[in-house]
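1. sequence-free structure coming up:
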């Protein structure tokens, strides 16, 4: 834990390593009195307001006991009268430190444990106990065009995962032909320049004589977790793998990434002649995923 009356020692503005194992020492507290005195509020005076700071953290992920990632969001609320606030970049790094931590047997169990841990770690930083709540994808009503895709992690909620670097050898046929429409909220990779984690949902439609098994598709999507590529390159890599391994007659791969700096990037690649819903090609302004 760090607290300070200025930002000279904060991680903000410094080159960043994104840790993926739990580390509460990453949290950095800032005394509120410093900036309030600059505004004109005298130290120790009764403030003319009350209120809260409300944070929504959309890029929250950890591992289940089986190695399968889970994703969701946290809402953190604490009093504006707390003696300190938490510096945002330090909190982001702290949340990322859970990415490869095993937190429970089920998604619900993992998020309960996460909320308890975050509350425990933030309390000495803030000087007050915050409220910490979690939500995840199954609490969200998916837009109709996106809901037509089966979610891989819901089909195989305890499937064992051990590969976190791309591995096309994970892909296996199921021995049946036809069409398959699947989705996963577990797509995560890293920026090829900064190493910053990128979070997204991926949608795949494939028509082939031998379709991929949903278990192998789930393992393959998760295998991008440690890869460093741009968003567009991730989609093209998945497209290439599915096209090469299964020789489909129709194929679409689309990813919908979470916002960064006010922008979200949604690359779609499909074979000419493949029927693709407009939400994947016209921007899908009103068809957003849970974390968009």
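-> Nice, I can see it. All values reported here derive from a predicted model rather than from experimental measurement.

2. neighbours of residue 47, just the number please.
-> Using other C-beta atoms under 10 Å, residue 47 has 12 neighbouring residues. For the C-beta atoms, the positions are set from N, CA and C on the backbone; glycine is no exception.

3. pLDDT score assigned to the nearest residue to residue 177 once chain neighbours are set aside?
-> Nearest residue to residue 177, sequence neighbours excluded (C-beta to C-beta, 6 or more residues apart in numbering): residue 209, at 4.3 Å. Looking at residue 209, its pLDDT stands at 98.

4. middle-most residue in this protein, spatially?
-> residue 59 (3.5 Å; C-alpha atoms, centre = their mean).

5. From residue 215, how far off is that one?
-> 26 Å (C-beta to C-beta, to the nearest Å).

6. what's the answer for residue 192, then?
-> Separation of residue 192 from residue 215 (C-beta to C-beta): 29 Å.

7. So the residue nearest to the centre of the chain: helix, strand or coil?
-> strand (DSSP: H, G, I helix; E, B strand; the rest coil).

8. buried ones in stretch 70-88?
-> 70-74, 76, 78-79, 82, 84-87 (16 or more other C-beta atoms under 10 Å).

9. With stretch 244-251 instead?
-> For stretch 244-251, a neighbour-count test (16+ other C-beta under 10 Å) marks 245, 246, 248, 250, 251 as buried.

10. backbone phi and psi for the fourth one, please?
-> Dihedral pair for residue 250: phi -140, psi 140, per degrees, to the nearest 10.

11. Now for it: which residues touch it?
-> By C-beta atoms under 8 Å, 6 or more residues apart in numbering, the contact list for residue 250 reads 179, 205, 206, 207, 271, 273, 274, 275.

12. Model confidence for it, exactly?
-> On the pLDDT scale, residue 250 gets 94.

13. Likewise for the second one?
-> At residue 246, the pLDDT value in this model is 97.

14. Excluding chain neighbours, what is closest to it?
-> Nearest one to residue 246, counting by C-beta to C-beta, 6+ apart, is residue 208 at 4.5 Å.

15. can you pull up the bridge partners for that neighbour?
-> Applying DSSP bridges to residue 208 gives these bridge partners: residue 178.
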